[in-house]
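> below are the sequence and a predicted model for it; my questions follow.
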Amino acid sequence: DTGVSQNPRHKITKRGQNVTFRCDPISEHNRLYWYRQTLGQGPEFLTYFQNEAQLEKSRLLSDRFSAERPKGSFSTLEIQRTEQGDSAMYLCASSLAEGGMGSPLHFGNGTRLTVT
Amino acid sequence: GNSVTQMEGPVTLSEEAFLTINCTYTATGYPSLFWYVQYPGEGLQLLLKATKADDKGSNKGFEATYRKETTSFHLEKGSVQVSDSAVYFCARRANDMRFGAGTRLTVKP
């Protein structure tokens, strides 16, 4: 296993369109996280899963955003009716729940979204 | 507000200079603390971590000590190299992982 994989690497879409990103975590990791990163900022937490259960979702997250992890393996993040403000790098990370707070997150290379 | 505050960049140093990037955090309880690094064109990579007070994390010549009394986790390196040029993120993990805004380091030969 070579790490967390995200697809696509880049996505350009027109305002109002829907987009979906995919994340494949490290295979033995049971936790999966989505973050968003804009230029000059650190990653901002969006949501996370333990296995297939979505355990937490940021209160700042618009209801146009939805994430799934149907079989507890890969995850998808969908943004409906995209807006220019959604332009960002979307990062996926995974970790082991068993390590508790000491377990680091392993990040993918991200999907860069540009909304025109 | 953000629960991790780190030194604003950019930071520019000459090769072999001493590096300090300050980081302070707020959290209830006893979070774990991390430094991540992002090299140009790459994803975030774990650099080092500390999980309890007075622990020192170290990797690739970088060090950071978990100081509970000052709620700090400052990153240091005694002699930086050009290859250390990157963006460095401090993070704390309680229930969730929160990141600072990042500090861009440029090391010139």
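Now that the structure is in, tell me what you want to look at. Residues are numbered from 1 along each chain as shown, chains lettered A, B, ... in the order given.
> surely A:Gln80 meets A:Asn18?
Yes: if you go by C-beta atoms under 8 Å, A:Gln80 and A:Asn18 touch, sitting 4.9 Å apart. (C-beta placed from N, C-alpha, C; glycine too.)
> now do the strands in the chain.
Assuming you mean chain A. A:5-7, A:10-13, A:19-24, A:31-37, A:44-50, A:53-57, A:65-68, A:75-79, A:88-95, A:106-107, A:111-115 (DSSP state E).
> switch to chain B, please.
B:4-6, B:11-14, B:19-21, B:23-25, B:32-38, B:44-50, B:56-59, B:62-65, B:75-77, B:86-93, B:97-99, B:103-108.
> buried ones in the third one, by neighbour count?
Using 16 or more other C-beta atoms under 10 Å in any protein chain shown as the burial criterion, the residues of strand B:19-21 that qualify are B:19, B:21.
> could you list every helix and strand in contact with it?
strand B:11-14, strand B:75-77, strand B:103-108 (3 or more C-beta pairs under 8 Å, 6 or more residues apart in numbering or on different chains; DSSP states H and E).
> need those strands in CSV with distance to chain A, can you?
As requested, the helices and strands packed on strand B:19-21 are exported to CSV (distance: least, C-beta to the nearest C-beta, whole Å):
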stretch, distance to chain A
strand B:11-14, 14
strand B:75-77, 14
strand B:103-108, 9
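> what's the closest of the ones you listed to A:Glu98?
Nearest to A:Glu98 among the helices and strands packed on strand B:19-21 is strand B:75-77 (27.4 Å), distances taken as C-beta to C-beta.
> which residues sit against that closest one?
If you take C-beta atoms under 8 Å, 6 or more residues apart in numbering or on different chains as the criterion, strand B:75-77 is touched by B:18-21, B:23, B:35, B:47, B:61-64, B:84, B:88, B:90.
> poorly predicted segments of chain A, please.
A:1 (pLDDT under 70).
> what sits closest to the residue in chain A that chain B sits nearest to if chain neighbours are left out?
Among all residues of chain A, A:Gly42 sits closest to chain B, at 3.4 Å; criterion: C-beta to the nearest C-beta. Once flanking residues are discounted, A:Gly42 sits nearest to B:Phe99: 3.4 Å by C-beta to C-beta, 6 or more residues apart in numbering or on different chains.
> rewinding a little: okay if I get the strands of chain B as a markdown table plus mean pLDDT?
Putting the strands of chain B into a markdown table (pLDDT from 0 to 100) gives the following:
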| stretch | mean pLDDT |
| --- | --- |
| strand B:4-6 | 94 |
| strand B:11-14 | 97 |
| strand B:19-21 | 97 |
| strand B:23-25 | 96 |
| strand B:32-38 | 96 |
| strand B:44-50 | 96 |
| strand B:56-59 | 97 |
| strand B:62-65 | 98 |
| strand B:75-77 | 98 |
| strand B:86-93 | 95 |
| strand B:97-99 | 90 |
| strand B:103-108 | 97 |
